[in-house]
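Colleague: Fold the following.
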Amino acid sequence: MRKRLFDLVIALPLLILVSPLLLLIGFLIKLNSNGSVFYLQQRVGWRDVDFFIYKFRTMRMGSDKSGLLTVGRRDPRVTSVGYFLRKYKLDELPQLINVVNGTMSLVGPRPEVRKYVHLYSLEQRNVLNAKPGITDYASIEYADENNILAASADPEQTYINEIMPAKLKLNMKYISEQGILTDIKIILYTVRRIIRGH
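Modeller: A predicted model of the protein is given here:
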């Protein structure tokens, strides 16, 4: 209950405050490429329930059909505006809507697509007992995930066998430490990481 109140007290005013920026980003996306402003993707949330995560669209329409993973900073599917949004994590701003509607928290394990959740071990599935978040320890540690995948001969296997298990360990670390003070610490770390440009 305290965590939900914490989320609302921060997310709702922040969503109102950044609404002019959201409108500007939406205009730039439409100006830069054809298609919708938002990208909705089905993810697995709290208690193994699917939900739609909101993001600004950063790729050309239909790009997700050629793979779910983004490889490298200059993935050719990413638009020029999309590259800028991703660099400064601005594409994640619409997830404040997810926080307000209760499907996500400000801080918590990043929600995964069902394809990869099917690969979780019984122990790893414990991360589904926490509400997913916009940021967490794993988001900070793997801010350069795209470049790691770009250096791999088989990006998907690298993600499944190396990155995903490491992220899940960090998710479990968060669950063992979770609390308002931990959330504030992670939010501050995330802001610092974004300002420093990774």
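
Colleague: Lowest mean pLDDT among the helices and strands of this structure, which one is it?
Modeller: One helix or strand of the chain scores below all others by mean pLDDT, DSSP states H and E: helix 145-150, with a mean of 85.

Colleague: List the buried residues in it.
Modeller: Buried residues in helix 145-150, counted by 16 or more other C-beta atoms under 10 Å: 145-146, 148-150. The way it works is simple: take the backbone N, C-alpha and C, and place the C-beta from them, glycine included.

Colleague: just the CA coordinates of the helix or strand following it, formatted as CSV?
Modeller: Counting by DSSP states H and E, the next helix or strand C-terminal to helix 145-150 is helix 155-158. In CSV, the C-alpha atoms belonging to helix 155-158 read as follows (Å, rounded to 0.1, in the frame of the first residue of the first chain):
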residue,chain,number,x,y,z
PRO,A,155,22.6,-12.0,-29.9
GLU,A,156,19.5,-14.0,-28.9
GLN,A,157,21.5,-16.8,-27.4
THR,A,158,23.7,-14.3,-25.6
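
Colleague: List of residues touching the very next helix or strand once past helix 155-158?
Modeller: Next along the chain after helix 155-158, taking DSSP H and E as the criterion, comes helix 164-177. Contact with helix 164-177 is made by 107-110, 112, 116, 119-120, 124, 126-127, 129-130, 136-138, 141-142, 182, 186, as judged by C-beta atoms under 8 Å, 6 or more residues apart in numbering.

Colleague: Show the buried residues in the residues you listed.
Modeller: Taking 16+ other C-beta under 10 Å as the criterion, what is buried in the contacts of helix 164-177 is 107-110, 112, 120, 124, 127, 130, 136-138, 141-142, 182, 186.

Colleague: Among those, which lie within strands?
Modeller: Residues of the buried ones among the contacts of helix 164-177 located in strands (DSSP state E): Val107.

Colleague: ok so Lys55 is a strand residue?
Modeller: Yes: assigned with DSSP: H, G, I helix; E, B strand; the rest coil, Lys55 falls within a strand.

Colleague: Give the bridge partners for it, please.
Modeller: Lys55 has these beta-bridge partners by DSSP bridges: Tyr39.

Colleague: Can you tell me how far it is from Phe6?
Modeller: 23 Å (C-beta to C-beta, to the nearest Å).

Colleague: do the same with Gly102
Modeller: From Gly102 to Phe6 the distance is 13 Å (C-beta to C-beta).

Colleague: Identify the residues contacting Glu145.
Modeller: Applying C-beta under 8 Å, 6+ apart, the residues near Glu145 are Ile163.

Colleague: on that earlier part again, please identify which of Gly102 and Phe6 sits among more neighbours.
Modeller: Just comparing Gly102 and Phe6: by other C-beta atoms under 10 Å the higher neighbour count belongs to Phe6, 17 against 14.

Colleague: Just to check, that one is in contact with Ile180?
Modeller: Yes: between Phe6 and Ile180 there is a contact under C-beta atoms under 8 Å: 5.6 Å.
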